[in-house]
Every structure is written in C-alpha cells, then in structure tokens.
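S.K.: here you go, sequence then predicted model.
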Amino acid sequence: MDVVTNALKGEGIALSFGGIEVLKGLDVEFRAGEITGLIGPNGAGKTSLFNCLTGAYAPQKGTITYAGQSLDGLPPAARASRGIVRSFQHVALSPDLTVLENVMIGVARNHHAGWQHVFLPTRRGREEMARMRADAEQALAELGLAGAADKLPAELPPGMLRLVEIARAIVGRPQVLLLDEPAAGLNNAETRDLMRSLKSLCSPDLVMVVVEHDMDLVMSICDRIYVLNFGAFVACGTPQQVRQDEDVVRIYLGSDDD
C-alpha cells in the first residue's frame, strides 16, 4: 500500500458531550488529489468531526495530523495558517461589503504589512492590498464569478452566494478544504454548477472533503466516501462500493423490518 504523506488523518478520535458519545474512536484519512465525501443522517457526527479537524472542538481522545505533523492543541487560527480552511452550513457573508471585499477577507490571514498600514498610505501597504485584491479576483474567476465582483451579496442568488463563500475559502490557496453542506438550499441547476466548480478545484496537492446530504452530488464528484452513523463509520469506499453496502442502504432507505 502506498504511503500518502500529504493527507489529513485522524486516529482514534473520540468526542463526548455530557456523557453522550458523539464520535466513537474514529480512524479517517483524507487524501490529497481526491474529493472525499462524508455522509450520514442528521446527528451522525459529521459537523462534530469537522470541528475537531479544524480545532473548534478538542477531542477527548485521539490525534489529528496533516502531512505527518501533529495538529493536536492548535487553535483554529493556527490550523488556518497551515492551510486548513472550511466553509459552513449557512452562508455568512458581510452584507455591506462587495463580493470582492468578502473574498479578500479570506486572504487577510496572509497579510503581513501590519495594522498601521491600514491607516497610513505606505507603499508596502498599497502593494499588499493590491496582491490581496488580485488573489481575490483570481479566486472569483476560477469559479466563474468575475462579473459579480462589485455586487453586494443581496444582489446574488443562493447558488452564487455559495460559490462566493467557497471563493473566500480557496483564495488563500489552502492545503485542506472542508466544505460543510455546500449544496444546501440550492436548486438542481445551481447544484450542477457547484459540482462543476468543485471538480475544477480538485488538484494533486489539495485535500477536499465534502459533507453533504445531496446523494447525487456526492456520488457524482467523490472519489471515496465515508458513511457516519451515531458517531461511528459504517462504510468507506468508492461511490459504487458505498451504494451497494447493505448498512448504507438500511440507514438511508430503511430495512424491511423497520
């Protein structure tokens, strides 16, 4: 078996709240160059696992590594500085900023000029601001949103807002991209646009993980899929393998005895 070095791994991840086991000793590997799906019914623990990976939650047991380096104990900002970023279930764009300005927020963590350059028109500050703007414009162009750069979020349909949030996530050139229900609230046409965009983002150096309830999207774009139920994995494999797994069929369709 080939050793994948630039992978995001969790080993023995266990998380409990008030004595209730949310994650039950999970072992997981998300590989660069693949789109990995994470599916399961509501309350299965998908978002909790995302929160552990990004540092929002600290698991009681287990370890998380990226490219062989431990992430344990690192807060979300430190993990983001290492290129681990995420989107959220609900679009959270600033309504008073343009689309371009919202995306520029995503690259601000790479801003090195210092706060004083915000108030003083120094050459260094101007140069860095120009670089941030160029990076944001490129991220929008990659997702087909160049024409929306100067619009306000209220002027865009839900599908485009989702893509703007993804643009904000990718603008800093992340190593790991965690997308939490990116197709939520989208119609069929918007979901197809999203699928094309996610496929276009896939690259050999990027770890991409998608939590999603839209099974057509997951089965169409994912190379591997983990199925989570009551805090434990019940299946992992290719879309074809997962589609034929009896436990997955039971979870999603119910059994004859239900």
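M.R.: The structure has been received and is ready for your questions.
S.K.: for the rest of this, base every contact and every neighbour count on C-alpha atoms.
M.R.: Will do.
S.K.: domain-wise, how is this structure divided?
M.R.: As recorded under automatic domain parsing, the domains making up the chain are 1-83+174-258, 93-173.
S.K.: make a markdown table from these and add mean neighbour count and mean pLDDT to it.
M.R.: Formatted as a markdown table, these follow (neighbours: other CA atoms under 10 Å; pLDDT from 0 to 100):
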| stretch | mean neighbour count | mean pLDDT |
| --- | --- | --- |
| domain 1-83+174-258 | 18 | 91 |
| domain 93-173 | 18 | 83 |
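S.K.: by contact count, what packs against the longest helix along the chain?
M.R.: The residue-count maximum for a helix in the chain (DSSP state H) belongs to helix 123-142. With contacts taken as 3 or more CA pairs under 8 Å, 6 or more residues apart in numbering; DSSP states H and E, helix 123-142 sits against helix 99-105, helix 116-119, helix 158-170.
S.K.: can you give me the helices in this protein?
M.R.: Here the chain has its helices, by DSSP H, at 46-54, 76-81, 99-105, 116-119, 123-142, 158-170, 188-201, 215-221, 239-243, 246-253.
S.K.: to Gln69, which of these lies closest?
M.R.: Checking the helices of the chain against Gln69 by CA to CA gives helix 76-81 as the closest, at 11.3 Å.
S.K.: next one: the longest helix of the chain to chain centre, how far?
M.R.: Centre-to-centre, helix 123-142 and its host chain are 23 Å apart (CA atoms, centre = their mean, to the nearest Å).
S.K.: now distance to Asp72 too, for the helices and strands packed on helix 123-142, in JSON lines please.
M.R.: Listed next are the helices and strands packed on helix 123-142 as JSON lines, based on distance: least, CA to CA, whole Å:
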{"stretch": "helix 99-105", "distance to Asp72": "26"}
{"stretch": "helix 116-119", "distance to Asp72": "33"}
{"stretch": "helix 158-170", "distance to Asp72": "22"}
